[in-house]
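S.K.: Next come a sequence and a model predicted from it.
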Amino acid sequence: MPKLARQYWLMKSEPDAFSIADLESKGTAPWDGVRAYAARSNMVAMQLGDLVLFYHSSCVPPGAVGIASVVKLAYPDPTQFDPKSQYFDAKSKPDAPRWRMVDVTFVSRFPRMVTLEVMRQDPELAEMVVVKPGRLSVQPVKPGEFARVVKLGGGKLPR
DNA sequence: GCCAACGTTGGC
DNA sequence: GCCAACGTTGGC
């Protein structure tokens, strides 16, 4: 089996809930709480070593702040079964979990944030999903787009 | 399977 | 805090 090419993604998180600084101090963390089918499909498609743009949403300004990588393939998100969790889903049963998550690990922080506004104004990023209307919290990124955002942030592409 | 109503996301 | 745009739900 040929090894598939590394894939790239963007994952949104509200920094008040979980920021890149939180990921940096934890090292590795489960990406729990995703409750949208399209986002779930994207997580299920992730492979070990895939790279993720960590994006801060619902803040001023929103934008990409660093890089994470996938270190555990999609598995059931335990918060869906926890009645005390804000992510509890009464319709999901343990023998048929509805929601999944991956684990990601911290890779780097950009020297400067790449704001949504900057991405919107960059011609190379005109087709990027994040600049389009929509609210997909886990979305694919093209390799060229990923490299461009890293460059705009003054960061380094992991080898 | 359609689609209106509903709830949520997320930029502003 | 507002609200447009979106995704999901559920009646039919």
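M.R.: Perfect, I can see it now.
S.K.: Please report the distance of the residue in chain A that DNA strand C sits nearest to from DNA strand B.
M.R.: Residue nearest to DNA strand C within chain A: A:Pro133 (2.5 Å; Cβ to the nearest atom of the strand). Yep, even glycine has a C-beta here, placed from its N, CA and C like the rest. Computed as Cβ to the nearest atom of the strand, to the nearest Å, the A:Pro133 to DNA strand B distance reads 9 Å.
S.K.: Is that residue part of a helix or strand, or is it coil?
M.R.: At A:Pro133 the chain is in coil, as set by DSSP: H, G, I helix; E, B strand; the rest coil.
S.K.: Tell me both backbone torsions, phi and psi, for it.
M.R.: Dihedral pair for A:Pro133: phi -60, psi 140, per degrees, to the nearest 10.
S.K.: if I pick A:Val107, what's in contact with it?
M.R.: By Cβ atoms under 8 Å, 6 or more residues apart in numbering, the contact list for A:Val107 reads A:Leu51, A:Gly66, A:Ile67, A:Ala68, A:Ser69, A:Pro158.
S.K.: chain center to the host helix or strand of it: distance?
M.R.: Applying DSSP states H and E as the criterion places A:Val107 in strand A:100-115. Here the centre of strand A:100-115 is set off from its chain's centre by 7 Å, with Cα atoms, centre = their mean, to the nearest Å.
S.K.: Name the residues of that strand that are buried.
M.R.: Buried residues in strand A:100-115, defined by neighbour count with 16 or more other Cβ atoms under 10 Å: A:100-104, A:106-110, A:113-115.
S.K.: Repeat that for stretch A:84-93.
M.R.: Result for stretch A:84-93 [16+ other Cβ under 10 Å]: buried residues A:Tyr87, A:Asp89.
S.K.: Need the residues that contact it.
M.R.: The contact list for stretch A:84-93 (Cβ under 8 Å, 6+ apart) reads A:Asp32, A:Gly33, A:Arg35, A:Asp77, A:Thr79, A:Gln80, A:Phe81, A:Asp82, A:Pro83, A:Arg98, A:Trp99.
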